[in-house]
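[1] test case, fold it:
(one chain, ligands or ions: 2)
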Amino acid sequence: MLEKTPADLVLMRKACEITRDALVYAKTLCVAGKSTYDIDKSIEKFIIDSGGKAPCIGYMGYPAATCISVNSMVVHGIPSKDIILKDGDIVSVDLVVSYKGFCGDAARTYFVGEVDEEKKKLVRVTKECFFKGIENVRIGDRIGKISHAVQQHAESNGFSVVRELAGHGIGRKMHEPPEVLNYGKETDGAVIKENMTICIEPMINAGKKDIWLLPDGWGVITRDNKPSAHYENTVLFTNRGIEILTLEKDDEYYSR
Ligand code: MF3
Ligand code: CO
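    Ligands and ions are numbered 1, 2, ... in the order given. Below is the predicted model of the structure:
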């Protein structure tokens, strides 16, 4: 069911609050010298201690609670003891929390120490793509309106949009219809309905759009080895507008 009931939404909101808080916590863990394995284990504990579950564990054989993708890794990086963060890295943390049967899903790209200007701009523009995507979107519009705005903003800044992966509906399952592409025409895609919950997740490359899949079957990296960033929130469409269920309370978006 794409449209959530009021009872569903109580649980969705709680799942999304834990997701948001886990990401705020994750930011404090992304420091030089830490392995992505240790970061994942700490986040998993945080999710459980908050009353949630980590449905990524075992999802199609996935071995961890989170996906942690460093620099040229786009998404789905399997946390590893061999991947140690260092000054100048950008690190994308993507996590799903379930709470009493409903899911929240969000991602952020964090800086480790001081990063170069290209990476700073990439991370800023990737977040802006999300907000450009939801600007002026309302019930009755097509998902393509979001997709088109994301692509437009990324490409006008000289960056490129990964084509092989997309956002998605969310609810009892972490992936539900509709598909939420990060490129395409305004007139494409499903019609947005009241009480629909979806994940919008631009994955933006500093260089070319092309990617490789790692031999582990999960990790996605850029072919040109240039950096990539990810920014994702779970959102709810209401007749009053769009609610960003996983947004940090102190995000500047609230004070616009
Ligand atoms: N959070 C990812 C998404 O946005 C899903 C992670 S894949 C998993 O779709 F295997 F880790 F679950
Ligand atoms: Co997602």
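
[2] list the contacts of residue 77.
    Contacts for residue 77 (Cβ atoms under 8 Å, 6 or more residues apart in numbering) come out as 36, 67, 68, 69, 70, 83, 92, 218, 219. Every C-beta, even on glycine, is put in place using the N, C-alpha and C of the backbone.

[3] quick one: buried ones out of these?
    When neighbours are counted using 16 or more other Cβ atoms under 10 Å, the contacts of residue 77 contain these buried positions: 36, 67, 68, 69, 70, 83, 92, 218, 219.

[4] could I get the contacts of residue 77 as a markdown table with secondary structure?
    Below are these laid out as a markdown table (DSSP: H, G, I helix; E, B strand; the rest coil):
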| residue | secondary structure |
| --- | --- |
| 36 | helix |
| 67 | strand |
| 68 | strand |
| 69 | strand |
| 70 | strand |
| 83 | coil |
| 92 | strand |
| 218 | coil |
| 219 | coil |
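
[5] columns distance to ligand 1 and pLDDT on top of these, output as TSV?
    Converted to TSV, these look like this (distance: Cβ to the nearest ligand atom, whole Å; pLDDT from 0 to 100):
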residue	distance to ligand 1	pLDDT
36	13	99
67	5	99
68	10	99
69	11	99
70	16	99
83	16	98
92	10	99
218	7	98
219	11	98
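
[6] adding distance to residue 233, write the residues you listed out as JSON lines.
    Conversion of these to JSON lines gives the following (distance: Cβ to Cβ, whole Å):
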{"residue": "36", "distance to residue 233": "22"}
{"residue": "67", "distance to residue 233": "16"}
{"residue": "68", "distance to residue 233": "18"}
{"residue": "69", "distance to residue 233": "17"}
{"residue": "70", "distance to residue 233": "21"}
{"residue": "83", "distance to residue 233": "25"}
{"residue": "92", "distance to residue 233": "14"}
{"residue": "218", "distance to residue 233": "22"}
{"residue": "219", "distance to residue 233": "23"}
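
[7] just give me the closest of these to ligand 2.
    Each of those was scored against ligand 2 by Cβ to the ion, and residue 67 proved nearest at 9.4 Å.

[8] measure the closest one to residue 201 for me?
    Separation of residue 67 from residue 201 (Cβ to Cβ, to the nearest Å): 11 Å.

[9] got any residues that touch both of the two?
    Counting by Cβ under 8 Å, 6+ apart, the contacts common to residue 67 and residue 201 are residue 107.

[10] low-confidence ranges, the protein, go.
    Applying pLDDT under 70 to the chain flags residues 1, 254-256.

[11] kindly report the residues of the stretch 51-200 of the chain close to ligand 1.
    Within reach of ligand 1 by Cβ under 6 Å from any ligand atom, the stretch 51-200 of the chain has these residues: 56, 59, 62, 67, 76, 94, 96, 105, 199.

[12] let's see 5 Å
    If contact is defined as Cβ under 5 Å from any ligand atom, the residues of the stretch 51-200 of the chain in contact with ligand 1 are 56, 59, 62, 94, 105.
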